[in-house]
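Asks: attaching a predicted model along with its sequence, questions to come.
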Amino acid sequence: MVTQLEDIYNTYFKDVFLYVYSLSGDKHIAEDITSETFMKALTSLDSFRGNSDIRVWLCQIAKNSYYSYLRKNKSLVDLESVPESASGDNVEQEIAISEASMKVHEVIKNLKEPYKKVFTLRAFGELSFKQIGKLFGKSENWACVTYHRAREKIKARSEDYQ
């Protein structure tokens, strides 16, 4: 049983972390929520029926944990989440990359559903179209089409910023 849990953790940690990071945009929050996700999965592994991919199940737990975190911390500003000042030799390049990332993040954040969730699940959570379709109760083709439409919207809105 311990080996099985260790395998699940080692196999899916990165997927869950990237998914939560795509939702939060904060590395520390993503680490905390990812740890919490695996603790919750550990305590409720017996209730996992195997009807869906375990990665989808873990991402669902992570999403619910993240939304609970947001509700609990609605009025707090975490000083740890404030970005540190740029360091290194090429500050201008770091600022330009940071600004471009912020613009893309802003565009993604303002996408309507289901485009935002489908895009983040695919791009950051690295889920397959089949897994995404299953998560939404839709087909693999629906997930693929929705993802590509989201990409087009992001591309078009990113060009508006330039």
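Replies: Yep, it's here.
Asks: switch to C-alpha atoms for all contacts and neighbour counts from now on
Replies: OK.
Asks: now for the residue nearest the centre of the chain: which residues touch it?
Replies: For the chain, the residue nearest the mean C-alpha position is Y19 (2.4 Å; C-alpha atoms, centre = their mean). Shown in contact with Y19 (C-alpha atoms under 8 Å, 6 or more residues apart in numbering): 59, 120-121, 124-126.
Asks: tell me the most packed of those, by neighbour count.
Replies: For those, the largest number of neighbours (other C-alpha atoms under 10 Å) sits with L121, at 26 neighbours.
Asks: what are the phi and psi values for the spatially closest residue to that residue that is not a sequence neighbour?
Replies: In space, L121 comes closest to L127 once its chain neighbours are excluded; the distance is 5.8 Å by C-alpha to C-alpha, 6 or more residues apart in numbering. Here is the backbone geometry of L127 (degrees, to the nearest 10): phi -80, psi 150.
Asks: from N73, how far out is L127?
Replies: For L127, the distance to N73 (C-alpha to C-alpha, to the nearest Å) stands at 28 Å.
Asks: quick one, which of the two is more surrounded?
Replies: More crowded of L127 and N73, by other C-alpha under 10 Å: L127, with 20 against 11.
Asks: tell me which element M39 falls in.
Replies: Assigned by DSSP states H and E, M39 falls within helix 27-43.
Asks: list the helices and strands that helix packs on?
Replies: Applying 3 or more C-alpha pairs under 8 Å, 6 or more residues apart in numbering; DSSP states H and E, we find helix 27-43 packed against helix 2-24, helix 54-72.
Asks: is it true that the residue nearest to L121 touches F119?
Replies: No - using C-alpha atoms under 8 Å, L127 is not in contact with F119, being 9.9 Å away.
Asks: what about the chain, any weak spots by pLDDT?
Replies: 1-3, 74-102, 160-162 (pLDDT under 70).
Asks: no further questions, thank you.
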